[in-house]
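Asker: task: produce atomic coordinates for the following.
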Amino acid sequence: MVFPPAPLETIGWNKLGLSIQDSVNGHVESKYSVATGEWSEPEFVADPYLRVHGLAPALNYGQQAYEGLKAHRGPDGNILLYRAEAHADRMAVSASYVSIPEIPRAHWLKCVKLAVARNAEWVAPHSSEALLYIRPLVFGSSGHLSLTAPTEYTFAVYCQPGTTYHGVQPLPACVIEDFDRAAPRGTGGAKVGGNYAPVIRHTDRARAQGFHVTLHLDAQTRTCIEEFSTSGFIGIKKIGESVLVVVPDSKNIVQSITSDSCLELARSYGWKVEKREIPWSECKFFDEVIAVGTAASLLPIKLLARPSTGEKFVYGETVGECTLKLATGLRNIMRGKIADEFGWVSVVEEKDLLLPVVEKAPLTNGVNGELNGAVYGNSDNLTNGNGIHLPAEVQVEA
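Answerer: Presented below is the predicted three-dimensional model:
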């Protein structure tokens, strides 16, 4: 077989939005048993649905965590994962917040690569701006009423073709002031549903008022920047010929992998980088503000408003030059257009399909219908180069 397969020709790759494509090939599942203390080997399921007990702690107590990462098709047709190991490590942190057993990094990567490999034709052409969004999630899945550890957990990995969450044009943002996203010493540093679902009604209201992005201040003093509802915060100052990039330092926010990537790129450009407390009042001194995240990528902020004080800081209708440089550099690394000096990109390979190992049949002269050519295919449909179905004795399970 040829791996990876070419992108599907029936998809309008440049017209994709965020709608769910249930026609993808399937998802991956692995289960953890408290009795054995181990995660099961990953299974590819050709179905978008999960079988979960109605009294599972995930549904009743919010015992779940999730991640989000991306895959692109490189110039040579290979499929490239971006910073997969960093996402595995961040999910381990999130799982610890909600008392879920850690998924070993190697197993996490195996499951993610299997999901991408089996959905490889859903990775957009290199010429397209589309991407494959990968959503790993883990949750308590066995029926369990007590507020104690359940007997089973499920790790699942889904793939969806799509585009960036907000688009790429600068958008207006406002501060949410009647809701605190996360309390000090709470769960703000984890990607768990409880930090996101309560924000929906506030973001819906802000959108109706013309603000497409919402910003959270710290819950304790409401004087310092923490993060946007869907993304991390980056502020940029230009001081003569030099550039300063500033990001919040708080235990109450999700540690953004995209933000970290931007900081590393900024350092490579010779820019100064600071990770520290950012007072709200400092926002008026920024020349550019960016909302950064896996799904959002780098979204320029056009203006930042705080309704209670009437303050409005304007950053411009067009993408700032520093934002553009960071976004272009990051995009080119993700898509394999330039050398990856940071070791961020990994290639999804044919072995990640986890198909049974197949012994090659001996070459013959083809007389009397005997085999003539190398074996190819998987154990369910083995043929030789002439399309002849192979006998069972050459199919060997690993």
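
Asker: could you measure from Glu9 over to Thr163?
Answerer: Per CB to CB, to the nearest Å, Glu9 is found 19 Å from Thr163. C-beta: built from backbone N, CA, C; applies to glycine.

Asker: which residues touch Ser231?
Answerer: By CB atoms under 8 Å, 6 or more residues apart in numbering, Ser231 lies in contact with 213, 256, 258, 291-293, 296, 299.

Asker: show me what the mean pLDDT comes to for stretch 186-202.
Answerer: Per-residue pLDDT values over stretch 186-202 give a mean of 95.

Asker: now the protein, which segments are flagged as low pLDDT?
Answerer: Regions of the chain meeting the criterion pLDDT under 70 cover residues 165-167, 296, 357-398.

Asker: stretch 11-27: how far from the chain's middle?
Answerer: 16 Å (CA atoms, centre = their mean, to the nearest Å).

Asker: so between Glu9 and Thr163, which is more surrounded?
Answerer: A count of neighbours by other CB atoms under 10 Å puts Thr163 above the other of Glu9 and Thr163, at 21 against 8.

Asker: and the gap between the residue lying closest to that one once chain neighbours are set aside and Thr323?
Answerer: The shortest distance from Thr163 to any residue other than its chain neighbours is 5.2 Å, reached at Leu16 (CB to CB, 6 or more residues apart in numbering). To Thr323, Leu16 is 23 Å away according to CB to CB.

Asker: who has more neighbours out of the two?
Answerer: Thr323 (26 against 18).

Asker: could you check which helix or strand contains that one?
Answerer: helix 321-334 (DSSP states H and E).

Asker: cool, and Cys159?
Answerer: Element membership of Cys159, judged by DSSP H and E, is strand 152-162.

Asker: for that strand, packing partners?
Answerer: In terms of contacts (3 or more CB pairs under 8 Å, 6 or more residues apart in numbering; DSSP states H and E), strand 152-162 is packed against strand 27-33, helix 105-118, strand 131-140.

Asker: highest mean neighbour count out of those?
Answerer: Highest mean neighbour count among the helices and strands packed on strand 152-162 (mean count of other CB atoms under 10 Å): strand 131-140, with a mean of 24.

Asker: which strands or helices does that strand pack on?
Answerer: Looks like strand 131-140 contacts helix 57-61, strand 64-66, strand 69-73, helix 84-97, helix 105-118, strand 152-162 (3+ CB pairs under 8 Å, 6+ apart).

Asker: what strands line up against it, and which way round?
Answerer: Strand 131-140 has the following strand partners under DSSP bridges: strand 64-66 (antiparallel), strand 69-73 (antiparallel), strand 152-162 (antiparallel).

Asker: how far away from the center of its chain is that strand?
Answerer: Here the centre of strand 131-140 is set off from its chain's centre by 7 Å, with CA atoms, centre = their mean.

Asker: wait, Ile278 touches Ile225, no?
Answerer: Yes. Taking contacts as CB atoms under 8 Å, Ile278 lies within contact range of Ile225: 4.2 Å.

Asker: what is in contact with those two at once?
Answerer: Jointly contacting Ile278 and Ile225 under the rule CB under 8 Å, 6+ apart are 233, 235, 248.

Asker: next step: those residues restricted to strands.
Answerer: 233, 235, 248 (DSSP state E).

Asker: could you dump these into a markdown table and include neighbour count and distance to Met334?
Answerer: Formatted as a markdown table, those follow (neighbours: other CB atoms under 10 Å; distance: CB to CB, whole Å):
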| residue | neighbour count | distance to Met334 |
| --- | --- | --- |
| Phe233 | 25 | 21 |
| Gly235 | 23 | 23 |
| Pro248 | 21 | 24 |
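
Asker: can you pull the contacts of Thr258?
Answerer: Contacts of Thr258 by CB under 8 Å, 6+ apart are 231-232, 292-294, 296-298, 330.

Asker: please repeat the previous calculation with a cut-off of 6 Å.
Answerer: By CB atoms under 6 Å, 6 or more residues apart in numbering, Thr258 lies in contact with 292-294.

Asker: re earlier: in CSV: the strands paired with strand 131-140, plus distance to Glu102.
Answerer: Below are the strands paired with strand 131-140 laid out as CSV (distance: least, CB to CB, whole Å):
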stretch, distance to Glu102
strand 64-66, 11
strand 69-73, 18
strand 152-162, 11
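
Asker: how about the ones you listed in JSON lines, adding mean neighbour count and distance to Val34?
Answerer: Output for the strands paired with strand 131-140, formatted as JSON lines (neighbours: other CB atoms under 10 Å; distance: least, CB to CB, whole Å):
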{"stretch": "strand 64-66", "mean neighbour count": "23", "distance to Val34": "17"}
{"stretch": "strand 69-73", "mean neighbour count": "24", "distance to Val34": "28"}
{"stretch": "strand 152-162", "mean neighbour count": "22", "distance to Val34": "7"}
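
Asker: so which of those strands comes closest to Val319?
Answerer: The closest of those to Val319 is strand 69-73. By CB to CB, the value is 20.2 Å.

Asker: can I get stretch 226-235 in PDB, CA atoms only?
Answerer: C-alpha atoms of stretch 226-235 as PDB (Å, rounded to 0.1, in the frame of the first residue of the first chain):
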ATOM      1  CA  GLU A 226      -5.100  36.000  32.600                       C
ATOM      2  CA  GLU A 227      -6.300  34.700  29.200                       C
ATOM      3  CA  PHE A 228      -9.000  34.900  26.500                       C
ATOM      4  CA  SER A 229     -11.900  32.400  26.800                       C
ATOM      5  CA  THR A 230     -10.600  30.200  24.000                       C
ATOM      6  CA  SER A 231      -6.900  31.300  23.800                       C
ATOM      7  CA  GLY A 232      -3.800  32.600  25.500                       C
ATOM      8  CA  PHE A 233      -2.800  36.200  25.600                       C
ATOM      9  CA  ILE A 234       0.200  37.800  24.000                       C
ATOM     10  CA  GLY A 235       1.100  41.500  24.100                       C
END
